[in-house]
Structures are given as structure tokens and as C-alpha cells.
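Novice: Build me a model:
(2 chains)
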Number of protein chains: 2
Amino acid sequence: MRGPEELRGLVEDYLADLVLTPELGGLSQAVRYALDGGGKRVRPVICLATGEAAGSEPRVILPAAAALELVHTFSLVHDDLPALDNDELRRDRPSTWAQFGEANAILAGDALAVEAFRLALAYSGPEVARELAQATQGMIGGQYLDIHGETHDLAALHRLKTGCLFAASVGCALWAAGVPEAEQAPWRAFGDELGLLFQIVDDILDEDGYFISHGLQGARALANEAADRATGHEADAA
Amino acid sequence: MRGPEELRGLVEDYLADLVLTPELGGLSQAVRYALDGGGKRVRPVICLATGEAAGSEPRVILPAAAALELVHTFSLVHDDLPALDNDELRRDRPSTWAQFGEANAILAGDALAVEAFRLALAYSGPEVARELAQATQGMIGGQYLDIHGETHDLAALHRLKTGCLFAASVGCALWAAGVPEAEQAPWRAFGDELGLLFQIVDDILDEDGYFISHGLQGARALANEAADRATGHEADAA
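Specialist: Predicted coordinates:
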């Protein structure tokens, strides 16, 4: 089994070599800027790791893995816009709108989302792209809840905003690896816990979200419970 | 053969009954508002007409036809934003951002694009969605050229901004109707002229674009040439 750092290297190489749709023309510069911004590439790494665990080589899973990263990047580009979170910085660089202007950032986000589907549609069947579409709508619904503060249920918010795409990181890998639908349930149960686990750990590191609402000990306890559930499910799948 | 008005009625009924992804929650209101704004529904009508000419019932073609209208609507919602065309009115109503605010309009446009892929992915194969992704990237590339005034070649600009989605209105119908790829060429040649023809007629009616650059007589002559080419190709396909 390849380790996370090796998988992350494969993702970086794949993204660096990715040929964008030529019709995007000059807009490709802003798309490329957003995509080159680094980050942990957690979603594609989970996707590749799931694919490997299911017996598939990374080259088979990489289009799906990259599609997930493009959807995540699209969401960051649009979320950073002045009308939404108004963030001028992203990973120690100017955010895409701060660097290229709002109009370019709106169009670059759009192009990233559509390019994600182009990648997910590289497979012979529509299942990877269907999974991606469903998760992306959940993510957008979560972002809507977040900017409107319409829910006080933090878990429900994160289940949409973060959890959907994490769950799809497992789900897309299963389709790409050809795991039959009837055998997917235990893997998916594992994937469902991942988003929550990631969110809690991220909040503890940032002293944000769950850290504020549950305190350090409370957040740690929640994370441990999610990890126990995830590894319990993982044992079922193995 | 059903006439355009009957086909348009089928499109309106389908869109009115369309069940949006539940996870969109409260954002559905802005998505629905943008979609209910009327318009001529030219792209889905062309799609249904092509499907009928190829021997398929409207119910088979309607998901693809609606997907094209959703992509078109997504482009209008984002193009109207203050950072792009800054249009407060669209079809005699407040544009989506003027009615719901910029943040909601950005997210509603995103949701419309993804919902379009969800519809295009209702088919058993990925071809309809692939065609839609390619055309949508062309459209976005055209919008980029338009806001930056990077080209003085009006035909090249419209081939991307308008033509791609018109061509896909024919192409998506062919895939949905199961027309084999080897038999698609004459139909596609017809579809390639449609966007240009529509743009010229639209510009003559609005006294804009080709009306300004070529004058009324010049624009009419261009439209006649495109129509001749289109009907010439149509005769090949029949």
C-alpha cells in the first residue's frame, strides 16, 4: 500500500499535467492559479487510498480523485468572493478574486466545476459523475446554510458543507474501481464518518467551530467516537 | 411532428414539475426564480425537435433538453452579476442577484449548472453529459472573451458564447435518441449553423451586434447564408 504522501505526490503530478479544455482560453490562467494553490489534497488522497484498498491502481482512480479536488477548489474560489466570505487570502496567497478580479474568479469557479465533471465523465459509465453531482449539490446547500446562519445544528451544516464531498471521495473511488453496488455499504459507512472526523480535527487545530461549541475535551471525544465508528466500519469492509 | 409551440409547452411543464436536489434547501427558491423567468426556451425546443426528427418521443429527450436550459439559465444568472454585466433586469423582472442578493445568485448559478449535469446523467451512458460539459466550457470561454473584449472577431466570440450550446442542443438530442456516432455528422453540421443564425436574427431585432457591425442588409445576407447552409445540411441528413 502506498502511503498518503506518495498518493499526494501522484495527485500533484496529475493536476500539474492536467490539460484544461482549450476553449477556456485566457481564463485557464485563473483556473490554474486556483488549482496550483496547494492544500492538503485530502479528498483525492482518500479517493486513491480507497481505490487501492479495493484493488485498483492509482491511474484508474486519478480522474475521479482530481474531479473531487476541482469541485473543492471551485467551492473555495466562489466562497472567497466579496459577496460571500470576502477572503482576500487563501493559503498565504491572494485568493483568486483578489489576484484576478471578481468577474474572472466567478468564471474560473464555474470552469473548475464543469472541468470536474469532464474528468468524472472520462469513465465508461455515468456513476462517478452522478455521485459527484449529488455531493456537489449537498456542498452548495451547506454553503447556503453557512452564509445565512439558518441552522444552529453544526453537525447538520458540516454534514452538507464538508461531509458530502468526503463521502463522495470514497463513493467515487468505489465506482471507479468497479466495486459492485451491493458491496459498497460498509465502505460508504466508513466514508460517512470521515467528513465529521476531518472537520473536528480541523476545528481543534484552528480553535474554531467544534472547539468553540464543545471545548477541547468535548471535541476530542466527538472525534474519537467518529474514529471508532469509522474503523469499526472499516473492519466490516476488510 | 409537433410544432415549436407544443414542444415549448412540454418544456415549460417539465421545468415546472422538476424536483430539485433536496439538499439545496432554501437556495431552491432562487434557483426556481431564475428558471421560472420564461424566455423562449429555444435550446430545449431545438433539442426536442431534433430528437423527434430522429424518431424519439419527447419524454426520452426532455431530461437532456431541460439540462440545456439549466446551463443557459446558469449563464444568465452569473452574467447578470454586478462584477460581470451588472444587469438589474432580466425579462422585465429583477435579475436573480437584484432579487436575492449577490451571494445567493452566485450559489444559485452554481446549483443550476450542477443540476443540469444531474439531468444529463439520467441517461444510461455518459455521452449526453460529456457533450454538455464540452459545450458549457466553450460558453464560459466565450463569456470570458466577451467581458475582456479580447477579440474583434465577432463570429469567433459568438461561436463560443452562443454557438456551443446551440450545437449541443442538436448533439445531446442525438445521443439521447440513440443515433449512432457514425450517422451524426450531417445533423451536427446543421446544428453548427443554428447558433450563428439565432445570434444574427437576435441582433437584428435588438439593433445590436451584427446589426451594428454589418448593417441591416449585411446582417440579413449573413443570416440567409447561414440558413442556406443549415437547410442544405438538413437535406443531407433527411
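Novice: Quick one: mean pLDDT over stretch A:84-101.
Specialist: With pLDDT averaged residue by residue, stretch A:84-101 scores 95.
Novice: pLDDT score for residue A:192?
Specialist: pLDDT at residue A:192 comes out at 80.
Novice: Double-check it against residue A:163; I have them as touching.
Specialist: Yes. Residue A:192 lies in contact with residue A:163 (C-beta atoms under 8 Å); the separation is 7.1 Å. Quick note: C-beta positions are derived from backbone N, CA and C, even for glycine.
Novice: neighbour count winner among the two?
Specialist: The neighbour comparison of residue A:192 against residue A:163 (other C-beta atoms under 10 Å in any protein chain shown) goes to residue A:163, with 26 against 20.
Novice: Distance of the more buried one relative to chain B?
Specialist: From residue A:163 across to chain B, the span is 11 Å (C-beta to the nearest C-beta, to the nearest Å).
Novice: Let me know the pLDDT of residue A:150.
Specialist: For residue A:150, the model assigns a pLDDT of 68.
Novice: Kindly report the same for residue A:234.
Specialist: pLDDT recorded at residue A:234 is 48.
Novice: Do you have the strands of chain A handy? List them.
Specialist: Secondary structure of chain A (DSSP state E): strands located at A:89-90, A:93-94.
Novice: so of these, which one's packed in deepest?
Specialist: Greatest average neighbour count among the strands of chain A goes to strand A:89-90 (a mean of 16), per mean count of other C-beta atoms under 10 Å in any protein chain shown.
Novice: Pretty sure residue A:226 sits against residue A:198.
Specialist: No. Applying C-beta under 8 Å, one finds residue A:226 not in contact with residue A:198, separated by 9.3 Å.
Novice: What mean pLDDT does stretch A:208-216 get?
Specialist: Mean predicted confidence for stretch A:208-216 is 84.
Novice: Just put the strands of chain A in TSV and tack on distance to chain B.
Specialist: Below are the strands of chain A laid out as TSV (distance: least, C-beta to the nearest C-beta, whole Å):
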stretch	distance to chain B
strand A:89-90	17
strand A:93-94	16
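Novice: In a markdown table: those strands, plus distance to residue A:116.
Specialist: Converted to a markdown table, the strands of chain A look like this (distance: least, C-beta to C-beta, whole Å):
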| stretch | distance to residue A:116 |
| --- | --- |
| strand A:89-90 | 18 |
| strand A:93-94 | 22 |
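Novice: Check which helices and strands the lowest-mean-pLDDT helix or strand in chain A sits against.
Specialist: Counting by mean pLDDT, DSSP states H and E, the weakest-scoring helix or strand in chain A turns out to be helix A:210-237, with a mean of 76. Here helix A:210-237 touches helix A:185-206, going by 3 or more C-beta pairs under 8 Å, 6 or more residues apart in numbering or on different chains; DSSP states H and E.
Novice: now what about the helix it packs on, what contacts it?
Specialist: Contacts with helix A:185-206, where a contact means C-beta atoms under 8 Å, 6 or more residues apart in numbering or on different chains, come from A:42, A:46, A:50, A:54, A:155, A:158-159, A:162-171, A:174, A:179, A:208-212, A:216, A:219-220, A:222-223, A:226-227, A:229-230, A:233-234, A:236-237.
Novice: Out of the residues you listed, which end up buried?
Specialist: A:42, A:46, A:50, A:54, A:158-159, A:162-171, A:174, A:179, A:209-211, A:219-220, A:222-223, A:226-227, A:229-230, A:233, A:237 (16 or more other C-beta atoms under 10 Å in any protein chain shown).
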